[in-house]
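J.: Sequence and predicted model, in that order:
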Amino acid sequence: MFDRKTLALYRRLLNYILPFKALIAVTLVALVVIAAMEPAIAMVLKNLVDESLIAKNPDSFVMMPLLLAGVFIVKGIAEYFSKVFSQWIAQKAILAIRADMYQKMQSLPYAIFQGYGTGTLMSKITYDVPQASNALSNAWVIIIRDSLTIIALVAYLLYISWQLTLLMLVIGPIVAFIIDKTSKLMRNSSKSMQQNMGQLTHQLEEGLTAHQDIKIYGAEGYEQKRFKETAAELLRHSMQVTKVSALSVPLVQVLAAIALAGVVYIAMQMSAQDHFTPGELLAYITAMALTFEPLRRLTSINEVVQKGMAAAESIFELLDQPDETDTGCHTLKHLKGELQFKNLHFQYPNSNKPALNNFNLTIPAGKTTALVGQSGSGKSTIVNLITRFYDPCSGQILLDNQDILTLERRFLREQIALVSQKVILFEDTIAANIAYGRPDVSTENIIQAAKDAHAWEFIEQFPMGLETNIGENGNLLSGGQRQRIAIARAFLKNAPILIMDEATSALDNQSEQMIQQAMETLKQNRTVILIAHRLSTIENADNIVVLEHGTLVEQGTHSELLKQQGHYAKLYQKGEDIDG
């Protein structure tokens, strides 16, 4: 059950319950009391037969029933405290594990976070943690309690007849061999179950978020087939664990029953020859029978332990991932917002070609620079590098002549407001979404930001105004309303660098005109990086940078680029969107 790797995992898991040493001590005392009460039952039965039924001792007529009742009362009280305290300790530990996992997810480097996938990370919290919880709440209690119980009972059996007891113990190595083999089988199947569960969660997430697309493309049957195949694979591995567990428990019980039958036969022969009193014979058989249930639980708990250890392995694999490193220690005062890219080279971890190659560009402070190009040209990569979601493989990005790798990551991101085409809102109030990350901001400032983004006109129409809950990802709002809430958030942040990634894509013409007017105000004294596909949104940019396959091929104003009759002019003449 516990090889070296399992012990290391379990010790690490148990570290989460160490802060509750006092309660652990009380629980352990309760477990010792429970274990001691098992042979006490056999002792009372021995005296009940020898003293009350055979010797007819009148004092025992009252004492024995009281002792028997007392044993069960003490055992019941101990079981209550052991169960309540162990569950409380386990739940506190699980709370700490979930908190550590969520904190780790927030601090993961962006590349590692993307590598996991949302479904896998959700599965780790929703499926792996409860599996580990069982190992914390049930396993250690059962292992300690039932191990102590078996030790106490075996000690009592040795006291009555060590010869018979040694004969019974010959099945010990056989039982240990069975548990060892089943442990390995269940651990492997449990790991496969976790992988299937992550895949199942991922498919479920896709099926829920892509509900409209699935219907419009008539892919319901395809998605159902994929889901059923993954669910069937999960069922197969679950049944493997169940079959192994179901076989190991009766197998151990049969071996124990055979040993018990042999020992009982010999014990009855010894009793017939007056080597045992009737009470000792009953006590011996009772004590042997009492070992069955803890032995069965110890064998059964192996499944819980192996599932829990496989889950712990998955949990600690996540917790051991490196945090997003922050090599910078500097900040800047009176930030202007000039950005320079010098000989920049970047290639994504799983890609075989560079996203940016020997890239050089200066984005002047306080000006609007538009990045245009076909999909895959490097526009989003530039944004990811500026915000330090990724770091360049070589070359430099300078902010006011300071390498951004030397700046505190938190400080750098505080200087940037990002409004993307994919709006992210939270299931909270409108006010909380506009002031996201800034809980101390005043209501007046929130209202002003909403007005600047032309969002106040629809917010004030809601009965609860700013306190209106917008639902999951703002699904109670229209696309244009969601976009304006996101833009209001950027207004409120008031950062010197503003990145707009097709921020007006979800707006109708009237709303877009309102936002364009507001943007003219927002652009003042700010460095604006504009990623846009519509020609109308970039014509007034101070500088338009045309990218192709990670290199800069053209730059200039709208009129200058049209005169060059190059890449930009060809797209414009065709009347196409820049992204093609």
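T.: Structure received.
J.: for the protein, longest helix please?
T.: Taking DSSP state H as the criterion, the chain has its longest helix at helix 220-272.
J.: CA atoms of the next helix or strand after that helix as CSV?
T.: Where DSSP states H and E defines the elements, the next helix or strand beyond helix 220-272 is helix 278-290. Output in CSV follows, covering the C-alpha atoms of helix 278-290 (Å, rounded to 0.1, in the frame of the first residue of the first chain):
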residue,chain,number,x,y,z
PRO,A,278,-14.7,-22.2,27.9
GLY,A,279,-14.3,-18.5,28.5
GLU,A,280,-10.8,-18.4,27.0
LEU,A,281,-12.0,-20.4,24.0
LEU,A,282,-14.9,-17.9,23.4
ALA,A,283,-12.6,-14.9,24.0
TYR,A,284,-10.1,-16.3,21.6
ILE,A,285,-12.6,-16.9,18.8
THR,A,286,-14.3,-13.5,19.5
ALA,A,287,-10.9,-11.7,19.3
MET,A,288,-10.1,-13.5,16.0
ALA,A,289,-13.5,-12.6,14.6
LEU,A,290,-13.0,-9.0,15.6
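J.: Show me the contact partners of stretch 147-156.
T.: Stretch 147-156 has contacts (C-beta atoms under 8 Å, 6 or more residues apart in numbering) with 31-32, 34-36, 38-39, 42-43, 165, 169, 283, 287-288, 290-291, 294-295, 298. C-betas here are computed from N, CA, C, even on glycine.
J.: Would you mind listing the buried residues in it?
T.: 148-150, 152-154, 156 (16 or more other C-beta atoms under 10 Å).
J.: what does stretch 391-398 give?
T.: 392, 395, 397-398.
J.: try stretch 110-121
T.: Neighbour-count burial for stretch 110-121, counted by 16+ other C-beta under 10 Å, picks out 113, 116, 119-121.
J.: now do stretch 412-419
T.: Buried, per 16+ other C-beta under 10 Å, within stretch 412-419: 412-413, 415-419.
J.: swap in stretch 91-98?
T.: 92-94, 97-98.
J.: just stretch 122-132 next, same as before
T.: 122-125, 127-129, 131-132.
J.: Need the max-distance pair from those residues.
T.: Met122 and Ala132 (15.7 Å; C-beta to C-beta).
J.: can you list the domain ranges for this protein.
T.: The chain breaks down into these domains under automatic domain parsing: 4-319, 327-415+540-580.
J.: Tell me the one among the buried residues of stretch 147-156 nearest to Asn445.
T.: Distances from Asn445 to the buried residues of stretch 147-156, taken by C-beta to C-beta, are shortest for Leu148, at 63.5 Å.
J.: any idea how far that closest one is from Pro294?
T.: According to C-beta to C-beta, to the nearest Å, Leu148 stands 9 Å off from Pro294.
J.: swap in Leu552?
T.: From Leu552 to Pro294 the distance is 74 Å (C-beta to C-beta).
J.: who's more crowded, those two?
T.: Pro294 (22 against 19; other C-beta atoms under 10 Å).
J.: Distance from the chain centre to the host helix or strand of that one, please.
T.: Applying DSSP H and E as the criterion places Pro294 in helix 292-319. Offset of helix 292-319 from its chain centre (C-alpha atoms, centre = their mean, to the nearest Å): 19 Å.
J.: again with stretch 529-539
T.: 39 Å.
J.: before we move on, what about stretch 18-32?
T.: With C-alpha atoms, centre = their mean as the basis, stretch 18-32 stands 29 Å off its chain's centre.
J.: What residues sit buried inside that stretch?
T.: For stretch 18-32, the buried set under the neighbour-count rule, 16+ other C-beta under 10 Å, comprises 20, 23-24, 27-28, 30-32.
J.: For Trp88, the count of nearby residues, please.
T.: 14.
J.: Distance check, the residue nearest to Lys336 when sequence neighbours are not counted against Ser394.
T.: Spatial nearest neighbour of Lys336, chain neighbours left out: Ala365 (4.0 Å); criterion: C-beta to C-beta, 6 or more residues apart in numbering. As judged by C-beta to C-beta, Ala365 and Ser394 stand 25 Å apart.
J.: what helix or strand does Phe426 sit in?
T.: Going by DSSP H and E, Phe426 is not in any helix or strand.
J.: What sits closest to it if chain neighbours are left out?
T.: Once flanking residues are discounted, Phe426 sits nearest to Asn433: 5.9 Å by C-beta to C-beta, 6+ apart.
J.: I'd assumed Gly474 was in contact with the one you found.
T.: Yes - between Asn433 and Gly474 a contact is recorded at 7.3 Å, counting by C-beta atoms under 8 Å.
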